[in-house]
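Visitor: Coordinates for the following, if possible.
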Amino acid sequence: MSTTTSINDVYKHTEDKMQKAIESTRGDFASVRTGRASIALLDRLHVEAYGAEAPLKQLASVSTPDARTLQITAFDRSTVGAIRRAIETSDLGLTPNIDGSNIRLTVPPLTEERRKDLVKVVRKKAEDGRVAVRSIRHKSVDEIKMLHKDSKITEDEHKRAADHIQKLTDKYIKDIDALVVHKEKEIMEV
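Guide: Sure, this is the predicted structure:
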């Protein structure tokens, strides 16, 4: 930690990191399959093409012609086989249908059991997000303690800063809880 750190620097740093934790959790949720086709399902898919691994977005465009279908259009027809292999070896559980440079994925409706399993996955990812936010809070409180210990802030400022960081933590935990409620509703929707 640099000697020029102020309380405001700690606040900004804390909020930035907590925002990134929320975005990461949101991204994790997007990769959880609901009964509906979503382009976000393929966001984390990497394809072995041209001798290197590349995100699918760099090799093809993805669209949703209807609520249960994803259509992948390869920019280069020679990558279709690699894209198919990436989909088949992923944890998506989808079977690609190839038509020229287009790959169609039909998202089957979820069974009740599978929906409950997905809700558990979402809750686990949410808890990971909460743990990340609490970890950020812990580090920030330590930074505030160091500022106090080094006599850069007063006892009152230390107390106010700790309270402020706790309020930030509560806000971001509440945001994660809202994401969970929304995603569970989406998964359980028939």
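Visitor: gap between Leu147 and Glu155?
Guide: 11 Å (C-beta to C-beta, to the nearest Å). For glycine as for every other residue, the C-beta is placed from the backbone atoms N, C-alpha and C.
Visitor: Those two: which is more packed in?
Guide: Leu147 (21 against 8; other C-beta atoms under 10 Å).
Visitor: How about the more buried one, nearest residue that isn't a chain neighbour?
Guide: Ile153 (4.7 Å; C-beta to C-beta, 6 or more residues apart in numbering).
Visitor: So for Leu110, what's the pLDDT?
Guide: We note a pLDDT of 80 for Leu110 in this prediction.
Visitor: so where's this structure uncertain?
Guide: By pLDDT under 70, the low-scoring segments of the chain are 1-4, 190.
Visitor: Can you give the distance from the longest helix along it to the centre of its chain?
Guide: Longest helix in the chain by number of residues, with DSSP state H as the criterion: helix 112-149. Here the centre of helix 112-149 is set off from its chain's centre by 13 Å, with C-alpha atoms, centre = their mean, to the nearest Å.
Visitor: Which residues in whichever helix or strand comes after that helix does the neighbour count mark as buried?
Guide: Next helix or strand after helix 112-149 toward the C-terminus (DSSP states H and E): helix 155-188. Under the neighbour-count criterion of 16 or more other C-beta atoms under 10 Å, helix 155-188 has 158, 161-162, 164-165, 168-169, 172-173, 175-176, 179-180, 183-184, 186-187 buried.
Visitor: Now do helix 155-188 against helix 112-149: the angle between them, please.
Guide: Helix 155-188 runs at 170 degrees relative to helix 112-149, counting by axes from the mean of the first three to the mean of the last three C-alpha atoms, to 10 degrees.
Visitor: Noted, bye for now.
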